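K.L.:
Structure of the sequence below:
(2 chains)
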Amino acid sequence: MMMTDTSISLPHGASLRRDGALERLRLFGLSSPALLLVLVVLVIPVGWLFYVSFIGANGQFSLENYERMIARKSYTRIFITTFQVSFLTTGLCILIGYPLAYFMSQLPSRWASLALITVLVPFWTSLLVRTYAWLVLLQKQGLINQWAISLGVWDEPIKIVHNMTGTLIGMVHIMLPFLILPVYNAMKAIDHDYLKAASNLGASPRRAFWTVFFPLSAPGLLAGSLMVFILCLGFFVTPAVLGGGKVIMVSMKIVSNIELFVNWGAASALGVVLLALTVAILWVASRFINVANLSGGGR
Amino acid sequence: MLAWLKSPASETQVTHGQRLWLYLFAGLVMFLLVVPTLIVIPMSFSDSQYLEFPPETWSLRWYRNYFGSPEWMQATATSLKAAFLTMLVATPIGVVAAYGLHNCGVRFVQVTYLALITPMMVPVVLVAIGAFYVFVKLSLLYSLTGLVLAHSVLALPLVVIVTGSALKSYDMNQELAARSLGAPRWKAFLTITVPQIRFAIVTAALLAFLTSFDEVVVAMFISGGDNPTLTRNMFNALRDQIDPTIAAISTIMILVTSIMMALAQVFGRGGLEK
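P.N.:
Have a look, this model is predicted:
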């Protein structure tokens, strides 16, 4: 890089450019170990699954794995359940998370960082531990039932876990930080003078919120909702533990296809569809937001 | 108090009184975010099979169960080893990649960056069964090496993102200054850049550790034999019945996470909050 020559004539310019290009290439090469890792542990295996999904029971090319998905009612139900859980979880996260993010964004900074800890603690805590905690709380002899009965909310233990309700409670609890963090960041970036201006021009508080504040926070909300929705689509642990076999999502069917039936074709086809759905959603979303920024800290 | 309720809370002159519902709602949500998980801690000290709260008689029974069981101890050792090695593999690879991509300005930087964060977008079940298949072929199934490789892929996006965003707010001219004074690039990187983004690197390393330590689905498929992870064993125990030993293990895991969080706060201020 060090050029001690006094004059830079044209040939020098060319060699400088070549040096620059080489340097850039070398820098790019620094990402090769990471790319190699992704290639070997992710791209090749997923590519192989893609291939297997088109191989029938007789070892020939066939679409039977995909046809089965369309033909069998049980598969239709699994896809419906998956979308149901994903939409409900995302919706509940928005309803609960948006007001909380709004509240936090209005706090003076010292209080805000304290409030932020209540979001980050669950974010860092093991998924399995949180799912287990809900299992313990929601079970028949669990704390929620005990308290509800002693307070007279309901008379005898009701079933709030090993079904859809329990799954949703657990999923919302686990997904909330993924929604709150991007929304909070978007809200923090909003210049509050806009609201003052709206107010000065005669907008009611409600109108100022909906026409000024909300649209400005929308990119964060979109990014957060998208993240939650995509994570929900492929979720496994929480529905497997809290759903008690009654809430069967795509990822659970993939696992049972392999663990129980050792049917790689069926499992791969389901996996390919799940991946295609995820990619399609991200692709549509990438026209509205920068997907590379989506990852506001995901796990 | 009354004066406070009537004082304006926002630029649009909404009073605190009018927003009381928001404060109550937010308080409730924050309570529900934190407390349900922490309630496992007192429960784990209960003597009863049914995990009462508050415990009628206190005991260390479930902790003795955990520490006395060779299976649980072995699984814990596997998990810790895997997490530590994942941290050692994913952090340098990810930091170097983020640095290279930040500086090289080649046309496909964006694409490469996306490729490096795909492990976060791909449903983890797919990673699990894909890795399972490939590791059978490479006879890495149930091996620590295989587990570390798979977990490193999952941790890589976090390292790249955290380091990448730190580099964005770092002035690369400082490195240029060192190099114009004769330092080779690697030396300028190690002595000028690394110390200044060390907070991000530490945060990234801790995240990599936790990614592996908490991971369930991949471990379910590719750990096993003599090397099952703690989470794999916990998940299997959860599917059968509610074993109170899990409460004791959960408490210990919360403790590990808290220590990590505290470390990140000390060394990596602003890492994740940004």
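K.L.:
Share the number of residues neighbouring residue B:118, please.
P.N.:
Using other CB atoms under 10 Å in any protein chain shown, the number of residues around residue B:118 comes to 17. Quick note: C-beta positions are derived from backbone N, CA and C, even for glycine.
K.L.:
can you tell me the helix or strand for it?
P.N.:
If you go by DSSP states H and E, residue B:118 is part of helix B:109-121.
K.L.:
Dump that helix to CSV, keeping only the CA atoms.
P.N.:
Taking C-alpha atoms only, helix B:109-121 is exported to CSV below (Å, rounded to 0.1, in the frame of the first residue of the first chain):
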residue,chain,number,x,y,z
VAL,B,109,-21.1,-7.8,0.2
GLN,B,110,-24.9,-7.5,0.8
VAL,B,111,-25.5,-11.0,-0.5
THR,B,112,-22.7,-12.4,1.5
TYR,B,113,-24.0,-10.7,4.6
LEU,B,114,-27.4,-12.1,4.0
ALA,B,115,-25.9,-15.6,3.5
LEU,B,116,-24.1,-15.3,6.9
ILE,B,117,-27.3,-14.5,8.7
THR,B,118,-29.5,-17.1,7.0
PRO,B,119,-29.0,-19.6,9.8
MET,B,120,-31.3,-17.3,11.8
MET,B,121,-34.0,-17.3,9.2
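K.L.:
Low-confidence regions, the stretch 1-150 of chain A specifically.
P.N.:
Counting by pLDDT under 70, the ranges of the stretch 1-150 of chain A that qualify are A:1-11.
K.L.:
Show me where it has its strands.
P.N.:
Remark: no strands are assigned in the stretch 1-150 of chain A by DSSP state E, counting those that start in this stretch.
K.L.:
ok so, going back, and the helix holding residue B:118, which residues are buried?
P.N.:
B:109, B:112, B:113, B:115, B:116, B:117, B:118, B:119, B:120, B:121 (16 or more other CB atoms under 10 Å in any protein chain shown).
K.L.:
Which strands and helices lie in contact with that helix?
P.N.:
Contacts defined by 3 or more CB pairs under 8 Å, 6 or more residues apart in numbering or on different chains; DSSP states H and E place helix B:109-121 against helix A:32-38, helix A:264-285, helix B:70-104, helix B:144-168.
K.L.:
Only the buried residues of the third one, if you could.
P.N.:
The reference is to helix B:70-104. So, applying 16+ other CB under 10 Å, buried residues of helix B:70-104: B:72, B:75-76, B:78-83, B:85-87, B:89-91, B:93-104.
K.L.:
And for the first one?
P.N.:
Residues of helix A:32-38 classed as buried: A:33, A:34, A:35, A:37, A:38 (neighbour count, 16+ other CB under 10 Å).
K.L.:
Could you do stretch A:262-279 as well?
P.N.:
Here stretch A:262-279 shows A:263-275, A:277-278 as buried, counting by 16+ other CB under 10 Å.
K.L.:
Show me the two of those residues that sit farthest apart.
P.N.:
Spanning the widest gap among the buried residues of stretch A:262-279 are A:263 and A:278, at 22.1 Å by CB to CB.
K.L.:
Count the neighbours of residue B:58 for me.
P.N.:
Neighbours of residue B:58 (other CB under 10 Å): 11.
K.L.:
pretty sure it contacts residue B:45?
P.N.:
Yes. Between residue B:58 and residue B:45 there is a contact at 5.1 Å, judged by CB atoms under 8 Å.
K.L.:
about what we covered before: any idea which helix or strand comes after the helix holding residue B:118?
P.N.:
As assigned by DSSP H and E, the chain's next helix or strand after helix B:109-121 is helix B:124-137.
K.L.:
what's the burial count for residue A:248?
P.N.:
Neighbours of residue A:248 under the rule other CB under 10 Å: 17.
K.L.:
Kind regards, and thank you for your time.
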